[in-house]
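K.L.:
My questions are about this predicted structure, shown below with the sequence.
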Amino acid sequence: MNTGFTYTIKKICFDENYQPSDNTRITTNFANLARGESRQENLRNALRMVDSRFNALANWDNPKGDRYSVDLEIISVDMDIEGNGQRFPSIEMLKTYIIDHKTNKRVEGIVGNNFSSYVRDYDFSVLLLDHNKDRSGFSIPDNFGDLHGKLFKDFICSDTYKENFNKPPVICLSVSDNKTYHRTENQHPVLGVEYLPNESSLTEQYFKKMGFEVRYFMPPNSVAPLAFYFVGDLLSDYTNLELIGTISTMETFQKIYRPEIYNANSVAGNHYQPNLKHSDHSLTQIVYDREERSQLAIKQGKFAEENFIKPYQSVLEQWSQNYA
């Protein structure tokens, strides 16, 4: 399907020597770790956490708990709107690879995991804030997320995506701290116990426009459920090792960024309400500035407005109207 938009993919290894490029969104989880004085130690500790969590979940035929390690690759997607070589950095995701030291094989994992996008920053940190600035109650602008959803689906359907990835993405996010989650009887050997939310969130609705459904699972020996956004069938489209790659990577990030939820000292119960003010939690040894991150989201949203939304407004509106 030719839309006129062309996509270019860049792949960068995420290891202890990783340094963010100038056009990487610095609020992105992995880029945030790779800054400041402790950057190399941060990265080393985070990657060690991923490997040890992977081995704890993949414990069959793994008596010493050291059979596997995980390689991570940053996938940056640039978009050329007018076919003139002018590229806008549109999406960043992570790709996992599983190294089996017993068989000496490197197996592809899932693409997605972490998800960041300048247009999403614009929607949530510029458009939504402006829309609600002088209102008494909170409301959502008309067609909120429509353009972003169509752009994402266009990329997933593109030849560029299909040439580089053999399965649809799975994005793994934190649960929302303004919803309650109810434990069900459904249990998966790797994903763990399923939880159901009491209501839909704005994030869920936004991701639905991107073509995603969501399910919430608390993996074995975790303390809180994770949100898994997927296309198709999460439980049968991916192998156990692929799923473990995503869980071990994203749970590690969440322990660092949301320790109140994911490094809490008590386990989520039958009725669970996440709380970012929860004091009974442990901190990882990894330095991270959450306050800076929310300020940067606004800055990056404005960057998208100036360099993407405004200059290409008429092209994007026309394309969006015709997008099937």
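P.N.:
Thanks, I have the structure now.

K.L.:
could you pull out the helices for the stretch 151-300 of the chain?
P.N.:
For the stretch 151-300 of the chain, the helices defined by DSSP state H, counting those that start in this stretch occupy 159-164, 202-209, 234-237, 240-257, 259-262, 290-304.

K.L.:
Report the buried residues of the fifth one.
P.N.:
Read it as helix 259-262. Residues of helix 259-262 classed as buried by neighbour count (16 or more other CB atoms under 10 Å): 259-262. Quick note: C-beta positions are derived from backbone N, CA and C, even for glycine.

K.L.:
Then the longest one?
P.N.:
Residues of helix 240-257 classed as buried under the neighbour-count rule (16+ other CB under 10 Å) are 241-257.

K.L.:
what's the answer for the third one, then?
P.N.:
Using 16+ other CB under 10 Å as the test for burial, helix 234-237 gives 234-235.

K.L.:
Dump the buried residues of helix 259-262 to a markdown table, plus distance to His278 and pLDDT.
P.N.:
A markdown table is the format used below for these (distance: CB to CB, whole Å; pLDDT from 0 to 100):
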| residue | distance to His278 | pLDDT |
| --- | --- | --- |
| Pro259 | 9 | 86 |
| Glu260 | 4 | 89 |
| Ile261 | 7 | 90 |
| Tyr262 | 11 | 92 |
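
K.L.:
quick one on the thing from earlier: for the helices of the stretch 151-300 of the chain, give me JSON lines that also has distance to Gly4.
P.N.:
Output for the helices of the stretch 151-300 of the chain, formatted as JSON lines (distance: least, CB to CB, whole Å):
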{"stretch": "helix 159-164", "distance to Gly4": "13"}
{"stretch": "helix 202-209", "distance to Gly4": "21"}
{"stretch": "helix 234-237", "distance to Gly4": "30"}
{"stretch": "helix 240-257", "distance to Gly4": "33"}
{"stretch": "helix 259-262", "distance to Gly4": "42"}
{"stretch": "helix 290-304", "distance to Gly4": "20"}
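
K.L.:
give the contact list for the nearest residue to Ile244 once chain neighbours are set aside.
P.N.:
Counting by CB to CB, 6 or more residues apart in numbering, Ile244 lies nearest to Leu57, which is 4.6 Å off, once chain neighbours are set aside. Counting by CB atoms under 8 Å, 6 or more residues apart in numbering, Leu57 touches 190, 219-220, 244, 247-248.

K.L.:
and the gap between the residue nearest to Lys302 when sequence neighbours are not counted and Glu306?
P.N.:
With sequence-adjacent residues excluded and distances taken as CB to CB, 6+ apart, Lys302 is closest to Val126, at 6.0 Å. As for Val126, its distance to Glu306 is 10 Å (criterion: CB to CB, to the nearest Å).

K.L.:
related to what we said a few turns ago, tell me which of the helices of the stretch 151-300 of the chain sits nearest to Ile110.
P.N.:
helix 240-257 (5.1 Å; CB to CB).

K.L.:
Alpha carbons only: can I get the helix or strand containing Ser52 in PDB?
P.N.:
In this assignment (DSSP states H and E), Ser52 forms part of helix 39-57. Output of helix 39-57 as PDB, limited to C-alpha atoms (Å, rounded to 0.1, in the frame of the first residue of the first chain):
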ATOM      1  CA  ARG A  39      25.300   6.600  33.000                       C
ATOM      2  CA  GLN A  40      27.500   3.500  32.500                       C
ATOM      3  CA  GLU A  41      26.700   2.000  35.900                       C
ATOM      4  CA  ASN A  42      23.000   2.700  35.300                       C
ATOM      5  CA  LEU A  43      23.000   0.900  32.000                       C
ATOM      6  CA  ARG A  44      25.100  -2.000  33.400                       C
ATOM      7  CA  ASN A  45      22.800  -2.500  36.400                       C
ATOM      8  CA  ALA A  46      19.600  -2.200  34.300                       C
ATOM      9  CA  LEU A  47      20.900  -4.800  31.800                       C
ATOM     10  CA  ARG A  48      21.900  -7.100  34.600                       C
ATOM     11  CA  MET A  49      18.400  -6.800  36.100                       C
ATOM     12  CA  VAL A  50      16.900  -7.800  32.700                       C
ATOM     13  CA  ASP A  51      19.000 -10.900  32.400                       C
ATOM     14  CA  SER A  52      18.400 -12.100  35.900                       C
ATOM     15  CA  ARG A  53      14.700 -11.600  35.600                       C
ATOM     16  CA  PHE A  54      14.700 -13.500  32.300                       C
ATOM     17  CA  ASN A  55      16.400 -16.500  33.800                       C
ATOM     18  CA  ALA A  56      14.100 -16.500  36.800                       C
ATOM     19  CA  LEU A  57      11.100 -16.700  34.500                       C
END
